[in-house]
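1. I would like the atomic coordinates for the input below:
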Amino acid sequence: QVQLVESGGGLVQPGGSLRPSCAASGNIFSIYAMGWYRQAPGMQRELVATITSGGNTNYANSVKGRFTISRDNAKNTIYLQMNSLKPEDTAIYYCNLNWHSSFLDPGKTSWGQGTQVTVSS
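-> Predicted coordinates for the structure are as follows:
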């Protein structure tokens, strides 16, 4: 199937930056979109940012102007540049992949294992 390998989370002070990445590999025919979602303790998983194969991006209002999602199509990898981090950004960040395994495949969704981001002084 497909594997999503996330890295780059960690502990950072308020106002700091992190740049997690997510690399997709496996039996991938094509990718429609990739993105990041997050889930804080006791909360539902929420969208952070997405990017399509054409480069169109979408951000949660809470991260606009602070986070930037980018993509390396050749490596099937996305990055999330997170600046001006706040304690409320603390969550597990999950990579999301919308992809096709063949020309006839209507599409699949896969999730990574998650990477912890903690913003604390």
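2. the protein: helices as residue ranges?
-> Counting by DSSP state H, the chain yields no residue ranges for helices.
3. now the residue nearest to the spatial centre of the chain: closest residue in space, sequence neighbours ignored.
-> In the chain, the C-alpha nearest the mean C-alpha coordinate belongs to residue 36, at 2.5 Å (Cα atoms, centre = their mean). With sequence-adjacent residues excluded and distances taken as Cβ to Cβ, 6 or more residues apart in numbering, residue 36 is closest to residue 48, at 4.3 Å. From N, CA and C alone the C-beta is placed, and that goes for glycine too.
4. what's near enough to touch that neighbour?
-> Applying Cβ atoms under 8 Å, 6 or more residues apart in numbering, one finds that residue 48 lies in contact with 35, 36, 37, 38, 59, 60, 63, 67, 80, 93.
5. pretty sure the residue nearest to the centre of the chain contacts residue 95?
-> Yes: counting by Cβ atoms under 8 Å, residue 95 is a contact partner of residue 36 at 6.3 Å.
6. which residues are in contact with each of the two?
-> Taking Cβ under 8 Å, 6+ apart as the contact rule, residue 36 and residue 95 both touch 22, 78.
7. per-residue confidence at the residue nearest to residue 13 when sequence neighbours are not counted?
-> Spatial nearest neighbour of residue 13, excluding adjacent residues (Cβ to Cβ, 6+ apart): residue 121 at 5.3 Å. You'll see residue 121 listed with a pLDDT of 95.
8. I'd like to know how far residue 121 sits from residue 69.
-> 26 Å (Cβ to Cβ, to the nearest Å).
9. more neighbours, the two?
-> Neighbours per residue (other Cβ atoms under 10 Å) separate residue 121 from residue 69, with residue 69 holding more: 20 against 8.
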